[in-house]
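J.: Give me the fold of what follows.
(2 chains)
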There are 2 protein chains.
Amino acid sequence: MATPRGLLIVNTGNGKGKTTAALGTALRTLGHELPVCVIQFVKGTWKYGELFAAKQFGDLLELHVMGKGFIFKEENVDKNRGIARRGWDLAKQVLAEGRHHLVVLDELTYLVKYGLVPEDEILADLAGRPPHVHVIVTGRGATGRLIEMADLVTEMREVKHPLRSGIKAQKGIEF
Amino acid sequence: MATPRGLLIVNTGNGKGKTTAALGTALRTLGHELPVCVIQFVKGTWKYGELFAAKQFGDLLELHVMGKGFIFKEENVDKNRGIARRGWDLAKQVLAEGRHHLVVLDELTYLVKYGLVPEDEILADLAGRPPHVHVIVTGRGATGRLIEMADLVTEMREVKHPLRSGIKAQKGIEF
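T.: You can find the predicted model right below:
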């Protein structure tokens, strides 16, 4: 049997549940009274409901929202790159410290997809983290290199979506 | 725009994250201080970590573990049927009361798959619930009829799994 070591988990695909499943795993970790850090690279993925619930766990849960200023236009590439850089520098530091049992890098794939932080750097920092730290990366379009490095990869595949049939997003369920 | 109504959500597929995503959604709902009921039809899907974490929410979260006695052998069909029946009778009652914003029916697909409760009955009870009640059904092998009735269906598809490569299950992550 292999020695216990921190897993690199990737939740990808175009369906629901990538972030929600990461949140569920974080709750499991917090239930063991083990510390969790969540870095949200794009604002808005974690909604009011879970942010409020997160407060129940006090200092065990550290939450950073980095992507408040992202603007999805060509002329904002430099601004976006600055935000992404600050986000990854924080992630790098959190990973290296090894203080958390689990680090959730929510929507990290976005940084790679838009070329905001070099993938080589991200993969090297992930590979070089202290061996006990578990990491969950979420986001659409995980690259082949990230999947190759990961221990556990799940694709959330959208089979049916209510917003397509004109049903409004629902409080307490979708936000 | 359609009137807000309770969604029927299905998390299926052979990958990870079906129950964990339901748990994440439950956390979101609890964060709004809206009541949640979880009925776990097969023991063990909700692990120590989340059961402990669930206590943080007191009366807002009602949790029932029904499937303690299931034995997966031919000669236990009658016993299993009795357990499943008690489980579904409880679910039926919880749905009809309409006291919860969200009802999670964890591993419900198992009851249908093994013919323990008639699918017609389950679908009729789901269809007849008070309109404001959201429901999440989890489990492998959701049937075509359930998917047809559902508003939102996600397939969690296993792309890569660590236990296949001899890595032990990890505390605070997988239980």
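J.: start to end distance for stretch A:120-136?
T.: The distance separating the two terminal residues of stretch A:120-136, taken as Cα to Cα, to the nearest Å, comes to 18 Å.
J.: Just give me the neighbour total for the nearest residue to residue A:67 once chain neighbours are set aside.
T.: Closest residue in space to residue A:67, ignoring its immediate chain neighbours: residue A:42 at 4.1 Å, by Cβ to Cβ, 6 or more residues apart in numbering or on different chains. C-beta here means a position set from N, CA and C on the backbone, and glycine is covered the same way. Burial of residue A:42, expressed as a neighbour count using other Cβ atoms under 10 Å in any protein chain shown, amounts to 22.
J.: Determine the three-state secondary structure at residue A:42.
T.: The assignment at residue A:42 comes out as coil when based on DSSP: H, G, I helix; E, B strand; the rest coil.
J.: Could you verify my assumption that it touches residue A:65?
T.: No. Here residue A:42 does not reach residue A:65: they are 9.1 Å apart, not a contact under Cβ atoms under 8 Å.
J.: one step back: who touches the residue nearest to residue A:67 in this structure?
T.: Under the criterion of Cβ atoms under 8 Å, 6 or more residues apart in numbering or on different chains, the neighbours of residue A:42 are A:67, A:70, A:106, A:107, A:110.
J.: wait, which of those is closest to chain B?
T.: When the contacts of residue A:42 are compared for distance to chain B, the smallest value, 11.7 Å, is given by residue A:106; criterion: Cβ to the nearest Cβ.
J.: Who are the contact partners of the closest one?
T.: Residue A:106 makes contacts with A:19, A:22, A:38, A:39, A:40, A:41, A:42, A:45, A:46, A:138, A:139, as judged by Cβ under 8 Å, 6+ apart.
J.: for it, which residues make a bridge with it?
T.: For residue A:106, the beta-bridge partners are residue A:40 (DSSP bridges).
J.: pLDDT below threshold where in chain A?
T.: For chain A, the stretches flagged by pLDDT under 70 are A:1-4, A:44-52, A:72, A:162-168, A:175.
J.: can I have the longest strand seen in chain A written out in CSV, keeping just the CAs?
T.: Using DSSP state E, we find that the single longest strand of chain A is strand A:152-160. Extracted as CSV, the C-alpha positions of strand A:152-160 are listed here (Å, rounded to 0.1, in the frame of the first residue of the first chain):
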residue,chain,number,x,y,z
LEU,A,152,-8.5,11.9,-9.6
VAL,A,153,-10.4,13.6,-12.4
THR,A,154,-14.1,13.9,-12.8
GLU,A,155,-15.9,15.4,-15.8
MET,A,156,-19.3,16.9,-14.8
ARG,A,157,-21.2,16.5,-18.0
GLU,A,158,-24.4,18.5,-18.6
VAL,A,159,-27.2,16.1,-19.5
LYS,A,160,-30.1,18.6,-19.0
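J.: That one versus strand B:152-160: what angle between them?
T.: Calculated by axes from the mean of the first three to the mean of the last three Cα atoms, to 10 degrees, strand A:152-160 forms an angle of 150 degrees with strand B:152-160.
J.: quick one on the thing from earlier: between all of the contacts of residue A:42, which two are separated the most?
T.: Using Cβ to Cβ, the pair of these lying farthest apart is A:70 and A:106, separated by 13.4 Å.
J.: how about the helices in chain A?
T.: Ranges of helices within chain A are A:18-31, A:48-54, A:77-97, A:109-113, A:119-127, A:144-149, based on DSSP state H.
J.: How about residues contacting the last one?
T.: Judged by Cβ under 8 Å, 6+ apart, the contacts made with helix A:144-149 from elsewhere in the structure are A:8, A:10, A:12, A:109, A:112, A:119, A:123, A:126-127, A:137, A:153, B:159-160.
J.: Show me how far it is from its chain's centre.
T.: 16 Å (Cα atoms, centre = their mean, to the nearest Å).
J.: Go ahead and flag the most central residue of chain A.
T.: Relative to the mean C-alpha position of chain A, the nearest C-alpha, by Cα atoms, centre = their mean, is the one of residue A:106, at 1.6 Å.
J.: do you know how far the closest residue to residue A:57 other than its chain neighbours is from residue A:120?
T.: Leaving aside its chain neighbours, residue A:57 sits nearest to residue A:30 (4.9 Å; criterion: Cβ to Cβ, 6+ apart). Distance, residue A:30 to residue A:120, by Cβ to Cβ, to the nearest Å: 33 Å.
J.: higher neighbour count, those two?
T.: residue A:30 (25 against 9).
J.: Give me the neighbour count for residue A:58.
T.: Number of residues near residue A:58 (other Cβ under 10 Å) recorded here: 8.
J.: With residue A:26 instead?
T.: Residue A:26 has 33 neighbouring residues, counting by other Cβ under 10 Å.
J.: That one touches residue A:103, doesn't it?
T.: No. With contacts counted by Cβ under 8 Å, residue A:26 stays clear of residue A:103, the gap being 9.8 Å.
J.: where do the contact lists of those two overlap?
T.: Any residue near both residue A:26 and residue A:103 by Cβ under 8 Å, 6+ apart counts here, and that gives A:36, A:38, A:136.
J.: Closest one to residue A:84 out of those, please.
T.: Compare each of the shared contacts of residue A:26 and residue A:103 with residue A:84 using Cβ to Cβ and the shortest gap goes to residue A:38, at 16.9 Å.
J.: surely that closest one meets residue A:107?
T.: No. Checked against Cβ under 8 Å, the pair residue A:38 and residue A:107 is beyond contact range at 11.0 Å.
J.: That concludes my questions; thank you for your assistance.
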